[in-house]
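[1] Next come a sequence and a model predicted from it.
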Amino acid sequence: MSVVWWIFGRPLGVDSGVYRAGALALLHGQPLYAPLAAIPDWSPALPFTYPPIAAVVFLPLAALPVQLAWGVLAAGTVTALGASVRLAGGAAWSLPLLLCLEPVWRTVGLGQVNVLLMALVLVDVLALRGSRFSGVLVGVAAAVKLTPLVFVAHLLVTGRPRDAARALAAFGGLAVAGLVLLPGDAVRYWTSEMLGANKASGNAWWGNQSVSGLVHRAADGSPVLLAVLVLMVLAVAACVARAFHLRGDPVAAVLVTAFAGLLVSPISWTHHWVWVAPLCAVLLARRRFVLAAAVVVLGTGWLFALVPRGEGQELRWTPLESVAGNAYVLAGLAALGTLGVALVHVRRPAVR
């Protein structure tokens, strides 16, 4: 597919091109967090926004032509998606349907690592449970991209403190390795680039489907409202995830944590929401067809076609456009709130 798109002048892999450019910058002794010399001429000049150790992980891509690098990541994404569905006990036959979900096909098209990191987390939390290596893959995933750190909290909430400690040790060890190998880049990343890249502390673009993005669009970034919502999401998610864990449903527990992480992250681009894929597959396997249909309808991303394009357009949105432009985050908040209310109802003692 990558060769065909290249022939027709439609190259894919904007993000895989950045990964490859970051790896080449490392090899040539160039700074990671400056304009990258190896960005393809057909791609926007995006920055490298991951921790320094990620550039080391991406080194194999430097040996490949840019479009082949995308093809390798795309193939790995589809493979990891199938593995994620199996690990979660989802319906294996649903894989072609899952490729139609907007976060999935956008991840494939961009050459992103979202699904690969999701698979690492699921292997760790579900398959390695009880193993002396449990927690390590969560730490590795978080070292490449910080957002999987939320699963350290998941391990604690579900009664796995040793696994959480191993996750933090793996994360910390790789962060130190990045500091040793790339001291200048590491200092710059941890002191400024971590929150400065992509305007992480205040990105109001509709593509940012997190609580932070919602608050910046709807309430001018009110820090009080943002703090209250984030704390509420974390508290409710912790209670719901633990309740599912105690009921013997670790898959539901990890999915709750995943979506809570997407909600509270400063930046959650639409393609970060790849966790809708195992959710959909699990709902189908459990014969929750109405809920699965709702996830598919929302997850195809058709609502975003209603959102006006352009910087600052959210200030003039109609009510319908406001709902469409916050579709994922509103759905996530509604689902988490519903689960929280159901949990309170179940725990309420019967009136005699």
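    Structure received. Residues are numbered from 1 along each chain as shown.
[2] any idea which element Val282 lies in?
    helix 276-285 (DSSP states H and E).
[3] Now do stretch 230-249, average pLDDT.
    The average pLDDT for stretch 230-249 rounds to 96.
[4] Give me the contact list for that stretch.
    153-154, 157-159, 211-212, 250, 252-254, 256-257, 259-260, 263-264, 333, 336-337, 339-340, 343 (Cβ atoms under 8 Å, 6 or more residues apart in numbering). Just so you know, the C-beta spots here come from the backbone N, C-alpha and C atoms, and that holds for glycine as well.
[5] Could you check how far that stretch is from the centre of its chain?
    19 Å (Cα atoms, centre = their mean, to the nearest Å).
[6] Can I get it in PDB? Just the C-alpha atoms.
    What follows is stretch 230-249, C-alpha atoms only, in PDB (Å, rounded to 0.1, in the frame of the first residue of the first chain):
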ATOM      1  CA  VAL A 230      -9.700  16.100  36.400                       C
ATOM      2  CA  LEU A 231      -9.900  15.200  40.100                       C
ATOM      3  CA  MET A 232     -13.500  14.000  39.600                       C
ATOM      4  CA  VAL A 233     -12.500  11.900  36.600                       C
ATOM      5  CA  LEU A 234      -9.600  10.300  38.500                       C
ATOM      6  CA  ALA A 235     -11.600   9.600  41.600                       C
ATOM      7  CA  VAL A 236     -14.600   8.100  39.800                       C
ATOM      8  CA  ALA A 237     -12.300   6.100  37.500                       C
ATOM      9  CA  ALA A 238     -10.400   4.700  40.400                       C
ATOM     10  CA  CYS A 239     -13.500   3.500  42.100                       C
ATOM     11  CA  VAL A 240     -15.100   2.000  39.000                       C
ATOM     12  CA  ALA A 241     -11.800   0.300  37.900                       C
ATOM     13  CA  ARG A 242     -11.400  -1.200  41.400                       C
ATOM     14  CA  ALA A 243     -15.000  -2.400  41.400                       C
ATOM     15  CA  PHE A 244     -14.600  -4.100  38.100                       C
ATOM     16  CA  HIS A 245     -11.400  -5.700  39.300                       C
ATOM     17  CA  LEU A 246     -13.100  -7.000  42.500                       C
ATOM     18  CA  ARG A 247     -15.900  -8.400  40.300                       C
ATOM     19  CA  GLY A 248     -13.200 -10.400  38.400                       C
ATOM     20  CA  ASP A 249     -13.400  -8.300  35.200                       C
END
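[7] Buried residues of that stretch, list them for me.
    By neighbour count with 16 or more other Cβ atoms under 10 Å, stretch 230-249 contains the buried residues 230, 232-234, 236-245.
[8] For the residues you listed, could you give me a markdown table that also reports distance to Ser134 and secondary structure?
    Rendered in a markdown table, the data for the buried residues of stretch 230-249 read as follows (distance: Cβ to Cβ, whole Å; DSSP: H, G, I helix; E, B strand; the rest coil):
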| residue | distance to Ser134 | secondary structure |
| --- | --- | --- |
| Val230 | 28 | helix |
| Met232 | 29 | helix |
| Val233 | 26 | helix |
| Leu234 | 23 | helix |
| Val236 | 26 | helix |
| Ala237 | 21 | helix |
| Ala238 | 20 | helix |
| Cys239 | 23 | helix |
| Val240 | 22 | helix |
| Ala241 | 17 | helix |
| Arg242 | 18 | helix |
| Ala243 | 21 | helix |
| Phe244 | 18 | helix |
| His245 | 14 | helix |
